[in-house]
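S.K.: my questions are about this predicted structure, shown below with the sequence.
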Amino acid sequence: MTKSKLKELTLFARELAVGAGGILRRGFNKSLKVQYKGRIDPVTEYDIKAEKHIVGKIVRRYSQHSILTEEGSGVGNDSEYCWVIDPLDGTVNFAHGFPVYCVSIALQYRGESVIGAVYDPERTELFWAAKEGKAYLNGRSIAVSSQDRLERALLATGFAYDIGTAKKNNLGLFCRMAKRAQGIRRPGSAAIDLCWLACGRIDGFWELKLHPWDTAAAKVIVQSAGGRISRITGEKYSIFDKDILASNGKIHRAMQKVLEGKN
């Protein structure tokens, strides 16, 4: 992909994220129609509205591109380009009027995430990055923190929707890490957690049972901000893997040891 093409697509991703974010903001704290895909896994009409907005614009401008979406309105094409979209990351928060949610848009080129844009409508914060470039927040370059002590680190994590029924969940890892880190937060949006890692607000993040659209965009942003991402075992991370460990790099190994029960 040429640099000019990468720039064009990055601008487009940013426009998509902000446009969909405006739709969400207009629906926030309003009376919502909420349906459930599982016991505690909701979807609102604004998930659908935001996704239709994004998909419609991609199809009109780049009709040959593939699209992978959370709510299932994606497009399958035999293309080198694939958009990976979460129109509303943090639906439970959104449905309850809790102001932590975002739009997450990534572009994969030949199987690799090369562009990420995450927009937080409540704070009007747009995070973005493109491969081999810097990471940005509202036009200002950002970088991960320099904290190198786990006991002084602020971390974030989350819990899968099957937490009440699955034998394998994050509760044991949370308890283990809570004894070692300075603090752990659970904002409820993996994309926002990762972007806050990228700009130094937190120092590390881990989670289980994620989906491609949860991390595809923020992965680019974290790595462009100087952060490190792997699986909990330390193996190379793919957005199709079910567990993730992300950090500023300096506390990565310490977090890994705790999560693996080696420390």
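M.R.: In hand now; what should we look at? Numbering: from 1, shown residues only.
S.K.: quick one: low-confidence ranges for the stretch 1-150 of the chain?
M.R.: For the stretch 1-150 of the chain, applying pLDDT under 70 flags the ranges 37-41, 71-74.
S.K.: tell me the contacts of the residue nearest the centre of the chain?
M.R.: The structure's the chain has its C-alpha centroid closest to residue 191; by C-alpha atoms, centre = their mean the separation is 2.3 Å. Each residue near residue 191 by C-beta atoms under 8 Å, 6 or more residues apart in numbering is listed here: 86, 89, 102, 104, 118, 214, 215, 217, 218. Bear in mind the C-beta positions are built from the backbone N, C-alpha and C, glycine included.
S.K.: ok, 7 Å please
M.R.: 86, 89, 102, 104, 118, 214, 217, 218 (C-beta atoms under 7 Å, 6 or more residues apart in numbering).
S.K.: which of those has the most neighbours?
M.R.: residue 218 (37 neighbours; other C-beta atoms under 10 Å).
S.K.: please report the distance of that residue from residue 251.
M.R.: Distance of residue 218 to residue 251, given as C-beta to C-beta, to the nearest Å: 18 Å.
S.K.: same check, this time on residue 29
M.R.: Distance from residue 29 to residue 251, by C-beta to C-beta: 37 Å.
S.K.: any buried residues in the top helix by length along the chain, and which?
M.R.: As assigned by DSSP state H, the longest helix anywhere in the chain is helix 3-27. Applying a neighbour-count criterion of 16 or more other C-beta atoms under 10 Å, one finds 6, 9-10, 12-14, 16-17, 20-21, 23-25, 27 buried in helix 3-27.
S.K.: got it, and stretch 43-52?
M.R.: Buried-residue list, stretch 43-52, by 16+ other C-beta under 10 Å: 43, 44, 46, 47, 48, 49, 50, 51, 52.
S.K.: for stretch 226-234, which outside residues touch it?
M.R.: With C-beta under 7 Å, 6+ apart as the test, stretch 226-234 has contacts from 143-144, 197-198, 206, 219, 222-223, 236-237, 241, 243-249, 252, 256, 259-260.
S.K.: residues of that stretch that come out buried?
M.R.: Within stretch 226-234, the residues that count as buried by 16+ other C-beta under 10 Å are 226, 227, 228, 229, 230, 231, 232.
S.K.: and what of stretch 169-182?
M.R.: 169, 170, 173, 174, 177, 180, 181.
S.K.: need those residues in CSV (columns: distance to residue 130 and secondary structure).
M.R.: Listed next are the buried residues of stretch 169-182 as CSV, based on distance: C-beta to C-beta, whole Å; DSSP: H, G, I helix; E, B strand; the rest coil:
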residue, distance to residue 130, secondary structure
169, 35, coil
170, 31, coil
173, 32, helix
174, 34, helix
177, 32, helix
180, 35, coil
181, 32, coil
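S.K.: tell me which of those residues has the lowest pLDDT.
M.R.: Ranked by pLDDT, those bottom out at residue 169, which scores 81.
S.K.: for that residue, phi and psi?
M.R.: Main-chain torsions, residue 169, degrees, to the nearest 10: phi -140, psi -170.
S.K.: list the residues that contact residue 212.
M.R.: Contact analysis of residue 212 by C-beta under 7 Å, 6+ apart lists 68, 84, 239, 240.
S.K.: once you drop chain neighbours, what's closest to it?
M.R.: Nearest residue to residue 212, sequence neighbours excluded (C-beta to C-beta, 6 or more residues apart in numbering): residue 239, at 4.3 Å.
S.K.: tell me the pLDDT at residue 161?
M.R.: What the model reports for residue 161 is a pLDDT of 67.
S.K.: put the buried members of the contacts of residue 212 into a PyMOL selection.
M.R.: This is the PyMOL syntax for the buried subset of the contacts of residue 212, where burial follows 16+ other C-beta under 10 Å:
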select buried, resi 68+84+239
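S.K.: can I get the contacts of residue 212 in JSON lines including secondary structure and distance to residue 33?
M.R.: JSON lines is the format used below for the contacts of residue 212 (DSSP: H, G, I helix; E, B strand; the rest coil; distance: C-beta to C-beta, whole Å):
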{"residue": "68", "secondary structure": "strand", "distance to residue 33": "25"}
{"residue": "84", "secondary structure": "strand", "distance to residue 33": "26"}
{"residue": "239", "secondary structure": "coil", "distance to residue 33": "30"}
{"residue": "240", "secondary structure": "coil", "distance to residue 33": "31"}
